[in-house]
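In: no sequence on this one, just coordinates:
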């Protein structure tokens, strides 16, 4: 039978106007899994089920509810009696039915089954609840442990980042030193390299130094030894002095506290050939436009 | 077909509690729907005392077989009304077979021609079905008279399509189309009620 014909029967069934053969045909068709006809039947049944709402409600007499209460209590009581091992406990006679005992036995069995299902259901629920609580506790512990590990990893990460930054800084310093060393090597290795000695002046008799320059490469280097490390409030200042005695500031430095020595690059004025002398004084931090301290190192470069 | 009940469990919760053996749920459902269920019993059986007896038996069955209810197939009210109608039709057919088919049928047919309640029936002010009933009444009013008639003869009086055709003089094919069109129209009008 086609869906269209079945749906015709479905509407009759929903309206209560189908005979048993029609109902059987509908069931056989639905058993094939026809979703369209299943949907049609559900819709039709819902529509017809609302027809009683067109009727004005009739409040039943109070005796109906009283009797219903009596039946419910009777079933519950007989169920309790049966479960307590008193199968022949006195029961009230049912108001309908031809057999006296069977309804009671069936009712009691159903009630007992309900009770058993309820108890089993409660036990199952309790077991499920315990399992869920256990799982949640485990998850909390796992979360705590993971959080600790994440914190540790973060700390390690920060430490590693700091170490890497420090290493980068060291590398940068080394690169600078290497560049300087390469520059110096290049400067020294060149035939254009010139050099002058610097001698210590009282009270720094032991101080000495060298100044090297390469006119072609326009590179200057000054090395100083045995000069004490100065406090932050003071600095050594290099002066280029012309033949006419004009003193031009050429850079600041401090010596290493360990070696009391330094190698620095003086700022050479635009006309280095005019320079006749180089000198080093101690000045306030930041340097001075003209020397204020005594000359500690000096040498001729002209 | 669900109803909102202020400060109370809904019908689905009541049916679930009922399946766990909660007496109070049964009486809650009784208080909500016994009025419309009794109206249905009276409409089908045409006898007030028998209708009350049937109502009692149906609620007893609901109590004893609460596990039968499948919420995937409709609301609790739909379930209660369907069960009520089915038991009422069974009882009516049984009575017909005892008394002679058409004696009861004629009485039922007379009753089915209108939806006016029995004169002795007093609508309960406390019933919560007022709005739903109003919508159903509106939907029923939108049907043509023959559509409404064939629907009521089938649903409330349990007549087969052939019996409806004989009782009304409407051709069999037309009975079928009236039933189909009436139900489709009702469903469309009441779609928002579920």
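Out: Structure received. Everything numeric here is computed off the predicted structure, so don't read it as measured data.

In: Tell me, how many residues neighbour the residue nearest to residue B:76 when sequence neighbours are not counted?
Out: In space, residue B:76 comes closest to residue B:11 once its chain neighbours are excluded; the distance is 3.8 Å by Cβ to Cβ, 6 or more residues apart in numbering or on different chains. (C-beta placed from N, C-alpha, C; glycine too.) The local packing of residue B:11 (other Cβ atoms under 10 Å in any protein chain shown) involves 24 other residues.

In: do you know how far residue B:11 is from residue A:14?
Out: For residue B:11, the distance to residue A:14 (Cβ to Cβ, to the nearest Å) stands at 22 Å.

In: do the same with residue A:27
Out: Taken as Cβ to Cβ, the span from residue A:27 to residue A:14 is 14 Å.

In: of the two, who's got more company?
Out: residue A:14 (28 against 11).

In: Show the contacting residues for the more buried one.
Out: Contacts for residue A:14 (Cβ atoms under 8 Å, 6 or more residues apart in numbering or on different chains) come out as A:41, A:44-45, A:47-48, B:183.

In: Mind doing that once more with 10 Å?
Out: By Cβ atoms under 10 Å, 6 or more residues apart in numbering or on different chains, residue A:14 lies in contact with A:40-49, A:51, B:151, B:154-155, B:179-180, B:183, B:186-187.

In: Next step: those restricted to helices.
Out: A:40-49, B:151, B:154-155, B:179-180, B:183, B:186-187 (DSSP state H).

In: Just the buried residues of those residues.
Out: The neighbour count (16 or more other Cβ atoms under 10 Å in any protein chain shown) marks A:40-49, B:151, B:154-155, B:179-180, B:183, B:186-187 as buried among the ones in helices among the contacts of residue A:14.

In: Just after the helix or strand of chain B with the lowest mean pLDDT, pick out the following helix or strand.
Out: Using mean pLDDT, DSSP states H and E, the weakest-scoring helix or strand in chain B turns out to be helix B:101-112, at a mean of 43. Downstream of helix B:101-112, the next assigned helix or strand under DSSP states H and E is helix B:130-141.

In: So that following helix, near chain A or not?
Out: Yes. Counting by Cβ under 10 Å from any Cβ of the partner chain, contacts between helix B:130-141 and chain A involve B:130-141.

In: in which helix or strand would I find the closest residue to chain B within the stretch 151-300 of chain A?
Out: Closest residue of the stretch 151-300 of chain A to chain B, Cβ to the nearest Cβ: residue A:151 (46.6 Å). According to DSSP H and E, residue A:151 maps onto helix A:101-189.

In: tell me how far that helix is from the chain's mean position?
Out: 11 Å (Cα atoms, centre = their mean, to the nearest Å).

In: Tell me what angle the helix or strand following it forms with helix A:101-189.
Out: Later in the chain than helix A:101-189, the nearest helix or strand by DSSP H and E is strand A:193-200. Orientation check (axes from the mean of the first three to the mean of the last three Cα atoms, to 10 degrees): strand A:193-200 against helix A:101-189 gives 90 degrees.

In: Which strands or helices does strand A:193-200 pack on?
Out: In terms of contacts (3 or more Cβ pairs under 10 Å, 6 or more residues apart in numbering or on different chains; DSSP states H and E), strand A:193-200 is packed against helix A:101-189, strand A:208-214, strand A:219-225, strand A:275-284, strand A:295-300.

In: and with 6 Å instead?
Out: Other elements packing on strand A:193-200 under the criterion 3 or more Cβ pairs under 6 Å, 6 or more residues apart in numbering or on different chains; DSSP states H and E are strand A:208-214, strand A:295-300.

In: what's the last one in contact with?
Out: Translated: strand A:295-300. A:196-198, A:201, A:204, A:207, A:209, A:277-281 (Cβ atoms under 6 Å, 6 or more residues apart in numbering or on different chains).

In: How about the lowest-mean-pLDDT helix or strand in chain A and chain B, any contact?
Out: Within chain A, judged by mean pLDDT, DSSP H and E, the helix or strand with the poorest mean is helix A:62-83; its value is a mean of 78. Yes. Looking at helix A:62-83 against chain B by Cβ under 6 Å from any Cβ of the partner chain, the contacts come from A:64, A:67-68, A:71-72.

In: so which of the contacts of strand A:295-300 is the most crowded?
Out: Going by other Cβ under 10 Å, residue A:280 tops these with 30 neighbours.

In: which residues touch that one?
Out: Taking Cβ under 6 Å, 6+ apart, one finds A:236, A:238, A:296-297 in contact with residue A:280.

In: if I look at it, how far off is residue A:54?
Out: Residue A:280 is 116 Å from residue A:54, by Cβ to Cβ.

In: Report the buried residues of stretch A:266-273.
Out: Applying 16+ other Cβ under 10 Å to stretch A:266-273 flags A:266, A:268, A:272 as buried.

In: All set, thanks.
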